[in-house]
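S.K.: Pasting the sequence and the predicted model now:
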Amino acid sequence: MQTNQFKGVLIMLVTVLIWGGMFPVAKGALQSVDAFWISSMRYGVAAPLFIAILCWREGAAALRYRGRFLQASFYGVVGFSGFSILVFVGLSLSRPEHAAIIMALQTPIAAFVHWALKGSRPANFTLACIAVAILGVFLVITKGDPAHAFTGGTFLGDVLIFLGAMSWIAYTIGAVSFPGWSALRFTTLTCLPGTAGIFLITAIATVSGYASIPAGATVLSVSWELAYLALLTVVLAVLFWNMAIGYLGALNAMLLGNLVPVVTFAIRILQGHRFDTIELAGAGLVVTALIANNLYLRGRIAAPAS
């Protein structure tokens, strides 16, 4: 048991490092290739790999939708197309640390969504943690001055990133509508229509002049960034996340997952970016609030057994 937990922790820490580096790496690639084409190349590589892995693990029969194609396509377009396009276009206008800290709000936002859809009101402690986390995000984005959010064009980018986070929440909630499908099967069979959606959006954006086909030399100049974004953040990290949940359970995996913004901020510091004290304080509030809520939920689950 302890061996499995140790494996789970190691796997989850690698996942945290990969996801923590996603936004700084993507921001660098966005200087050369636009968000639409990065998304298309990212999933153009990842989708076939998911197919290969699913066939290897569960057999070719697992590729059949069995009457669920339209439903899977809906969640795939909302999740993969919506998340990738909105977040990467937003990141091109914003900053990596903003993206990481906004994405960290997915768990609190999901609690509100469950409240609205199912009437399950979060506990007062959870609501307090959510309020603290939102305050932390506010401090990171505004540096304590609301007017700062509108300087440099980052506000629109932050809004798009938030909408991307909402898209992924909708996708995650939709997973419960596919009982009997493994996490790998759900990921693969929704990734395929989601990838098609990304291709279609990219084609429309290119024809409309919002995106441009990158030259071969340009793609080669950011080849390692594209490989990182396709192979590591999409394929390896998703597989590792599912493995970590299997070893540790969802709450323990999410507890370690809350460290993603810490990694992003650390990478930004190594890149030479200097944060104001209030930005670091805000990030600290977000991470602390999320960890506190995770520990609280763990206690509530364990309480009946005691």
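M.R.: Ah, there it is.

S.K.: Just want the most central residue of this protein.
M.R.: Here the mean C-alpha position of the chain is nearest to the C-alpha of M103 (C-alpha atoms, centre = their mean), at a distance of 6.3 Å.

S.K.: show me what contacts it?
M.R.: V87, I161, A165, V260 (C-beta atoms under 8 Å, 6 or more residues apart in numbering). Using the backbone N, CA and C atoms, a C-beta is placed for each residue, glycine as well.

S.K.: With F112 instead?
M.R.: F112 neighbours (C-beta under 8 Å, 6+ apart): P122, I130.

S.K.: Let's see that with 10 Å instead.
M.R.: Contacts for F112 (C-beta atoms under 10 Å, 6 or more residues apart in numbering) come out as R121, P122, L127, I130, I169.

S.K.: From T190, how far off is it?
M.R.: 23 Å (C-beta to C-beta, to the nearest Å).

S.K.: got any ranges where the stretch 101-250 of the chain has weak pLDDT?
M.R.: 151-153, 250 (pLDDT under 70).

S.K.: re the thing from before, which members of the contacts of M103 occur in helices, if any?
M.R.: V87, I161, A165, V260 (DSSP state H).

S.K.: Save these as TSV, and put in distance to V238 too.
M.R.: Output for the ones in helices among the contacts of M103, formatted as TSV (distance: C-beta to C-beta, whole Å):
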residue	distance to V238
V87	15
I161	20
A165	17
V260	14
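
S.K.: Return a ChimeraX selection command for the buried portion of these.
M.R.: Buried residues within those, by 16 or more other C-beta atoms under 10 Å, are selected in ChimeraX with:
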select :87,161,165,260
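
S.K.: any idea how far L189 is from V77?
M.R.: 13 Å.

S.K.: Between these two, which has more neighbouring residues?
M.R.: L189 (26 against 21; other C-beta atoms under 10 Å).

S.K.: Got phi/psi on that one?
M.R.: phi -70, psi -20 (degrees, to the nearest 10).

S.K.: wait, what's in contact with it?
M.R.: Counted by C-beta under 10 Å, 6+ apart, L189 has contacts 50-51, 54, 62-66, 68-69, 72-73, 75-76, 178, 181.

S.K.: Show me which of the contacts of F112 is closest to A215.
M.R.: Of all these, the one with the least separation from A215 (C-beta to C-beta) is I169, at 36.4 Å.

S.K.: Remind me which helix or strand the closest one belongs to.
M.R.: Following DSSP states H and E, the helix or strand that holds I169 is helix 154-174.

S.K.: Just the C-alphas of that helix, formatted as CSV.
M.R.: The C-alpha coordinates for helix 154-174 follow below in CSV (Å, rounded to 0.1, in the frame of the first residue of the first chain):
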residue,chain,number,x,y,z
THR,A,154,-4.6,41.6,-20.0
PHE,A,155,-8.2,41.9,-18.9
LEU,A,156,-9.7,40.4,-22.1
GLY,A,157,-7.1,37.7,-22.0
ASP,A,158,-8.0,36.9,-18.3
VAL,A,159,-11.7,36.7,-19.2
LEU,A,160,-11.0,34.3,-22.1
ILE,A,161,-8.9,32.1,-19.8
PHE,A,162,-11.7,32.1,-17.2
LEU,A,163,-14.2,31.1,-19.9
GLY,A,164,-11.8,28.3,-20.9
ALA,A,165,-11.7,27.1,-17.3
MET,A,166,-15.5,27.1,-17.3
SER,A,167,-15.4,25.0,-20.5
TRP,A,168,-13.2,22.4,-18.9
ILE,A,169,-15.4,22.3,-15.8
ALA,A,170,-18.4,21.5,-18.0
TYR,A,171,-16.4,18.8,-19.7
THR,A,172,-15.4,17.3,-16.4
ILE,A,173,-18.9,17.3,-15.1
GLY,A,174,-20.0,15.6,-18.3
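
S.K.: so for the longest helix along the chain, what's the average pLDDT?
M.R.: Ranked by number of residues, the top helix in the chain under DSSP H is helix 2-29. Helix 2-29 comes out with an average pLDDT of 89.
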